[in-house]
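J.: would you be able to build a 3D model of this:
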Amino acid sequence: MPSVTHDDAPPLADLMPWSVAPPRLGRRWPTAPDAASLKARWDALLKAEGPDREALFEPTRSRTLHSAVGQLPGRPSGTEKLVRATGPGPEPVRVLHAPFDEQWLLPDHRLIDAARPELWRVADEHQIFVVESPSGAGGPQVLATSCVPFLRPGRIRPLYRRPGGTEPNLAPGLLDHLGTRLGHSVAPPDVLAWIMAVARPDLTVPLTEDAELFSRGVELGRRILWLMRRDGDRPKLPGGRRPYVRAPLPSRPLVVDYDRDEETLLVDEGRISPVPPEAWDFETAGVRVLEQWFTARTAEPEPGTLAAIRPATWPQTWTSELLELITVLALLAELRPQQEELTVTSPVTASELHQAEVLPPTEAARRPASVLDHHEEGPEGQFALI
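T.: Numbers count the residues shown, from 1 in each chain. The predicted structure is shown next:
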């Protein structure tokens, strides 16, 4: 992480004041690494009746087959109680299930203990969700995603408070103050890119009035954002360093390991190389990302549960996703020295922001905006009043 010449850097919690607790599923089966399994699980749930349906659903204090809840904002689904539900389920959507692990979710409010509707109201193609991930010196302090995040326990800070990329979730007056200090206008994505480049382990964010330094940090942060979000062009390592499948992966792999001398990922008898050590060693919260990703696809679920409905063999798409994940982690690791070289000088301190009345942010800035851009159907088909 970058060095600083002071201890008065403002907290991320003040710079992006509106935050939301992460959603809580309450049951594993509404998420999966593949969408087809989710559709099969929904069909299996609805084919079951009485106590069998209840057991498959896995009720909690927050959700049972008799829970009456409305639709998730912007996600059409049934609103009748699941005990009577019939017909097809909602179309699966991508969510960030774990660090660097996008999976699929059945976006049905009846299946999720705490869905955090305020996140879904602002989720669109313009939104970037920042997820606090205090990992210490060995991993990124914040993650970014275009999908609704389901990671725990870090809080989620959307870049925008409203759909359409409007009303940035930044302390009121921050953009104007930075623009004055830097001598040029500053856009919300610039501030986010800077945060991605310089956020510290304690989740403080050193700011600067050095325009050249700020420009370098923003450029670096934009690349970090692009690698984490993985939208648009796909990242690639230079020729000769790109990972390839050297020996086919088995139809049902069980164990992943790493040969550091050969720079090879061993998936049972399957082999992928070259895999740089930095990609294998990449951690968040003390857990290797590649191992966590692999375990999510190979851990044996409890027999007879809906989670046990999954692909019979390893899909080719998972291999493609694994190769891309290796690439992303390797490229992110390459950026760490540049992050460490960002010595923040000419600081814009928290004390200065307090004197300018930018901080503390207003209480209104810490609360969600009043958003009702979607027709939201309430329980049993009633209109939702918000």
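J.: hey, which helix is longest across this protein?
T.: Ordering each helix of the chain by length in residues (DSSP state H) puts helix 316-341 first.
J.: which strands and helices sit next to that helix?
T.: Contacting helix 316-341 under the criterion 3 or more CB pairs under 8 Å, 6 or more residues apart in numbering; DSSP states H and E are the following elements: helix 211-229, strand 244-247, strand 270-273, helix 277-281, helix 289-298. To be clear about C-beta, it is placed using only N, CA and C from the backbone, and glycine gets the same treatment.
J.: name the helices or strands packed onto the longest one?
T.: Using 3+ CB pairs under 8 Å, 6+ apart as the contact criterion, the elements in contact with helix 211-229 are strand 142-145, helix 188-198, helix 316-341.
J.: which of these sits closest to V267?
T.: Among the helices and strands packed on helix 211-229, the nearest to V267 by CB to CB is helix 316-341 (8.3 Å).
J.: re earlier: in the longest helix of the chain, what counts as buried?
T.: Going by neighbour count (16 or more other CB atoms under 10 Å), the buried part of helix 316-341 is 318-319, 321-333, 335, 338-339.
J.: now it and helix 289-298, what's the angle there?
T.: Interaxial angle, helix 316-341 versus helix 289-298 (axes from the mean of the first three to the mean of the last three CA atoms, to 10 degrees): 160 degrees.
J.: any idea of the mean pLDDT for helix 316-341?
T.: Per-region confidence: helix 316-341 scores 96 on mean pLDDT.
J.: and what of stretch 127-137?
T.: 82.
J.: could I get the helices and strands packed on helix 316-341 as JSON lines with mean neighbour count?
T.: Output for the helices and strands packed on helix 316-341, formatted as JSON lines (neighbours: other CB atoms under 10 Å):
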{"stretch": "helix 211-229", "mean neighbour count": "19"}
{"stretch": "strand 244-247", "mean neighbour count": "13"}
{"stretch": "strand 270-273", "mean neighbour count": "18"}
{"stretch": "helix 277-281", "mean neighbour count": "18"}
{"stretch": "helix 289-298", "mean neighbour count": "19"}
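J.: which phi and psi does T208 have?
T.: Dihedral pair for T208: phi -140, psi 160, per degrees, to the nearest 10.
J.: L265 against P274, yeah?
T.: No - assessed by CB atoms under 8 Å, L265 is found out of contact with P274, at 9.3 Å.
J.: give me the pLDDT for R366.
T.: Per-residue pLDDT puts R366 at 97.
J.: pLDDT below threshold where in this structure?
T.: 1-6, 134-138, 371-386 (pLDDT under 70).
J.: show me the domain layout of it.
T.: 12-233+343-381, 244-300+314-341 (automatic domain parsing).
J.: return the distance of the last one from the chain's centre.
T.: Domain 244-300+314-341 has its C-alpha centroid displaced from the chain centroid by 19 Å (CA atoms, centre = their mean, to the nearest Å).
J.: that domain: end-to-end distance?
T.: Chord length of domain 244-300+314-341, first to last residue, is 32 Å (CA to CA, to the nearest Å).
J.: quick one: buried residues of whichever helix or strand D52 is part of?
T.: Assessed by DSSP states H and E, D52 sits inside helix 50-57. Going by neighbour count (16+ other CB under 10 Å), the buried part of helix 50-57 is 53-54, 56-57.
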